[in-house]
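J.: what follows is a predicted protein model with its sequence.
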Amino acid sequence: MSNVSSEDKLFLLERSFFTLDGLWMIKLEEESNWEIALKIDLNVWKELLKIIIRRLKKYLDLHDNCLENLLKILTFRWSVEGWQFELLAQDEGYRIEIKKCPYKSAMDRNPNRHDRIALICRDMCIPFYKQIVHNFNPLINLKRGKYMGLGDDTCSFTFSYHNMPLQGYSQDIEEFSISNLSNGDKLFYFERNFRTLDGLWVVETEKELGWENTLQVDTLVWQDLYKIMFRRVIKRLKIQKNSLNSLVEILSFIWNCEGNFHEIQVINEAQVILKIMECPYIDSMERNPERRKYIPSICENMCSNYLTPVISDFNPRINISKRSSIGMGAASCDFILQYS
């Protein structure tokens, strides 16, 4: 298995996090409609941020749900994700001015999504933060005054308690504004939440569309995600040829970043077997009794299917087949790559 560094993992997972989320939204809209896709998106992110808050409370060693701790969590998350913002202390609370939102920026770069920006802002972002703040501490009040998605130059958040504390609000914002993060902080965030994000999209989509339709959308999402991953990894590794050896190097890099523990068996110049010994996606489903029943269908109908068109695009002379699956009871998932 190719060795990868923490910087390699951060490179792949940070970029893939936003791509994965965007692809789920796009594919769901294509397979259903805008209203269903937006409903699922809102439910995914409500649940995801609950999980992120729990994880960051533990990571940052926070012990209560006070306003200042909420700001630590939000500024940590926004800093990791590449938001640009300014936190200001006021007599009546704290104001955050958002100058750049990575999700709006992604839609700005895609002409096909421009007409969705205002809808996402109004129907997803506004109710999303309102509920998140209430769930964290119902004594905290959130006011929004500006929205970039609706045409303003910034997004504004003003946080306060419904009843001002006797001691007033702290003016030392450096205590609860977390913006100078290490690569270790960033890797913690993306490594923990990448698979959680994908899993929540699957769970919430199944509630609306059923399992068979969800599996179809999931396959389409991962086909496009891996095509994009391939382009990024080819550039990072400076790969020059679309050979079998290059394909193995790319897959090994991606799988190692994702946490797929695997071995490479070179049979000859025309055939290589990649054996996944531990799959983090199966492991996460095994830990959830409600998801275990879906493991065989994912392994049989989705896992190798999404790779086939990706590899065909890379080199149509290379075929991929799967002779065993952990999810079907085998000791390993064996992928056979060979020239036709």
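T.: Good, I have the coordinates.
J.: does W83 touch Y103 like I think?
T.: No - under the criterion of Cβ atoms under 8 Å, W83 makes no contact with Y103, lying 9.2 Å away. Placement of C-beta: from N, CA and C, glycine included.
J.: tell me how far the nearest residue to G82 once chain neighbours are set aside lies from T19.
T.: Ranked by Cβ to Cβ, 6 or more residues apart in numbering and with sequence neighbours excluded, the top spatial neighbour of G82 is P102, at 4.7 Å. According to Cβ to Cβ, to the nearest Å, P102 stands 11 Å off from T19.
J.: so for those two, which sits in the more crowded spot?
T.: T19 (17 against 14; other Cβ atoms under 10 Å).
J.: wait, what's in contact with the more buried one?
T.: L225, I228 (Cβ atoms under 8 Å, 6 or more residues apart in numbering).
J.: centre of the chain to the helix or strand hosting it, how far?
T.: T19 belongs to helix 6-31 when assigned by DSSP states H and E. In terms of Cα atoms, centre = their mean, to the nearest Å, the centre of helix 6-31 is found 6 Å from the chain centre.
J.: can you name the element that comes right after that helix?
T.: helix 34-59.
J.: that next one: which residues count as buried?
T.: 37-46, 48-49, 52-53, 55-57 (16 or more other Cβ atoms under 10 Å).
J.: my guess is S177 is in a helix, correct?
T.: No - under DSSP: H, G, I helix; E, B strand; the rest coil, S177 falls outside any helix and is assigned coil.
J.: chain neighbours aside, what residue packs nearest to it?
T.: L87 (4.4 Å).
J.: bridged to that neighbour, which residues?
T.: Applying DSSP bridges to L87 yields these beta-bridge partners: I96.
J.: what sits against it?
T.: L71, T75, Y94, R95, I96, I173, S177.
J.: and if you look at E206?
T.: Counting by Cβ under 8 Å, 6+ apart, E206 has contacts T214.
J.: OK, contacts around the residue nearest to G82?
T.: F18, E81, G82, W83.
J.: ok, N319 next?
T.: Counting by Cβ under 8 Å, 6+ apart, N319 has contacts I311, L337, Q338, Y339, S340.
J.: again, only this time at 10 Å
T.: Contacts for N319 were tallied using Cβ atoms under 10 Å, 6 or more residues apart in numbering; they are Q271, T308, I311, S312, I336, L337, Q338, Y339, S340.
J.: of those, which belong to helices?
T.: T308, I311, S312 (DSSP state H).
J.: pull out the buried residues from those.
T.: By 16+ other Cβ under 10 Å, the ones in helices among the contacts of N319 give I311 as buried.
J.: need the ones in helices among the contacts of N319 in TSV (columns: distance to R195 and pLDDT).
T.: Shown next, in TSV, are the ones in helices among the contacts of N319 (distance: Cβ to Cβ, whole Å; pLDDT from 0 to 100):
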residue	distance to R195	pLDDT
T308	22	95
I311	23	96
S312	26	96
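J.: mind putting the ones in helices among the contacts of N319 into CSV with distance to D224?
T.: CSV is the format used below for the ones in helices among the contacts of N319 (distance: Cβ to Cβ, whole Å):
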residue, distance to D224
T308, 13
I311, 14
S312, 14
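J.: now S177: how far from Q90?
T.: For S177 relative to Q90 (Cβ to Cβ), the value is 14 Å.
J.: these two: which has the busier surroundings?
T.: The residue with more neighbours, out of S177 and Q90, is S177; 22 against 12, by other Cβ under 10 Å.
J.: please enumerate the strands of the stretch 151-300 of the chain.
T.: Secondary structure of the stretch 151-300 of the chain (DSSP state E, counting those that start in this stretch): strands at 155-161, 261-268, 271-278.
J.: format the ones you listed as a markdown table; extra columns: distance to T214, mean pLDDT and mean neighbour count.
T.: Listed next are these as a markdown table, based on distance: least, Cβ to Cβ, whole Å; pLDDT from 0 to 100; neighbours: other Cβ atoms under 10 Å:
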| stretch | distance to T214 | mean pLDDT | mean neighbour count |
| --- | --- | --- | --- |
| strand 155-161 | 32 | 96 | 19 |
| strand 261-268 | 26 | 96 | 13 |
| strand 271-278 | 23 | 96 | 18 |
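J.: any chance of those in JSON lines, plus distance to K186?
T.: Shown next, in JSON lines, are the strands of the stretch 151-300 of the chain (distance: least, Cβ to Cβ, whole Å):
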{"stretch": "strand 155-161", "distance to K186": "22"}
{"stretch": "strand 261-268", "distance to K186": "23"}
{"stretch": "strand 271-278", "distance to K186": "24"}
